[in-house]
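Q: Sequence and computational prediction follow.
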Amino acid sequence: MLSFRDAYTLWRQVPFPIGRNVLLISTYHDLADAAEYVTTVIRFVDRGIFKPAPVDLLSMLDEIMGRIEAASAEMAESAEMTADERAVADHQHAYAALLHLLYSEFLKQKPSAD
């Protein structure tokens with residue numbers, strides 16, 4: 001598993017998923033919202049400010065990944081999924097998984113209350 005710093009470095013270098021896919025428009029927007037919440041991690045890395053997002057971001061990302069998987073399965077079953085659409089779905093899912101890993105590692109960085 002990646003360390004917090006490795007996940008952070010990777011996230012900062014991986015572009016946000018782009019591409020057209022009608023069934024994944026809502027996951028695209030929800031993933032953008034989740035990515036915005038994950039930016040709280042930048043404050044922690046740059047300034048040491050530990051302030052988690054005001055939502056259950058890990059559950060949100062789990063739900064997004066589930067919807068991406070369901071949409072991919074639906075398109076695959078109907079044989080309507082092009083290679084480009086598969087690439088969009090795979091990139092969205094991988095990006096959501098990276099956000100999940102990064103944010104869960106961020107939560108482990110919580111300063112102790114000593």
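A: It's in. Numbering: from 1, shown residues only.
Q: hey, which helix is longest across this structure?
A: The longest helix of the chain (DSSP state H) is helix 83-107.
Q: Could you list the residues in contact with it?
A: The contact list for helix 83-107 (C-beta atoms under 8 Å, 6 or more residues apart in numbering) reads 1-4, 7-8, 10-11, 14, 16-21, 24, 27-28, 31, 34-35, 37-38, 40-41, 44, 52-53, 57-58, 61-62, 64-65, 68-69, 71-72, 75, 81. Where C-beta positions appear, they are placed from N, C-alpha and C, glycine not excepted.
Q: Relative to R47, how far out is the residue positioned nearest the centre of the chain?
A: Nearest to the mean C-alpha position of the chain, by C-alpha atoms, centre = their mean, lies A96 at 2.3 Å. To R47, A96 is 26 Å away according to C-beta to C-beta, to the nearest Å.
Q: Could you do Y95 as well?
A: The spacing between Y95 and R47, counted by C-beta to C-beta, is 25 Å.
Q: Who has more neighbours out of those two?
A: A side-by-side neighbour count of Y95 and R47, using other C-beta atoms under 10 Å, places Y95 first with 22 against 8.
Q: what about the helices in the protein?
A: 4-13, 25-38, 40-47, 57-77, 83-107.
Q: Next, format the ones you listed as TSV and append mean pLDDT.
A: Listed next are the helices of the chain as TSV, based on pLDDT from 0 to 100:
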stretch	mean pLDDT
helix 4-13	96
helix 25-38	94
helix 40-47	95
helix 57-77	92
helix 83-107	93
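Q: Give me the neighbour count for the residue lying closest to A7 once chain neighbours are set aside.
A: Leaving aside its sequence neighbours, A7 sits nearest to L102 (C-beta to C-beta, 6 or more residues apart in numbering; 4.2 Å). For L102, the neighbour count with other C-beta under 10 Å is 22.
Q: go on, V55?
A: 11.
Q: try the one 10 residues further on
A: In terms of burial, M65 registers 20 neighbours under the definition other C-beta under 10 Å.
Q: which residues touch it?
A: Applying C-beta under 8 Å, 6+ apart, the residues contacting M65 are 93, 96-97, 100.
Q: L2 touches Y8, doesn't it?
A: No: using C-beta atoms under 8 Å, L2 is not in contact with Y8; the gap is 9.0 Å.
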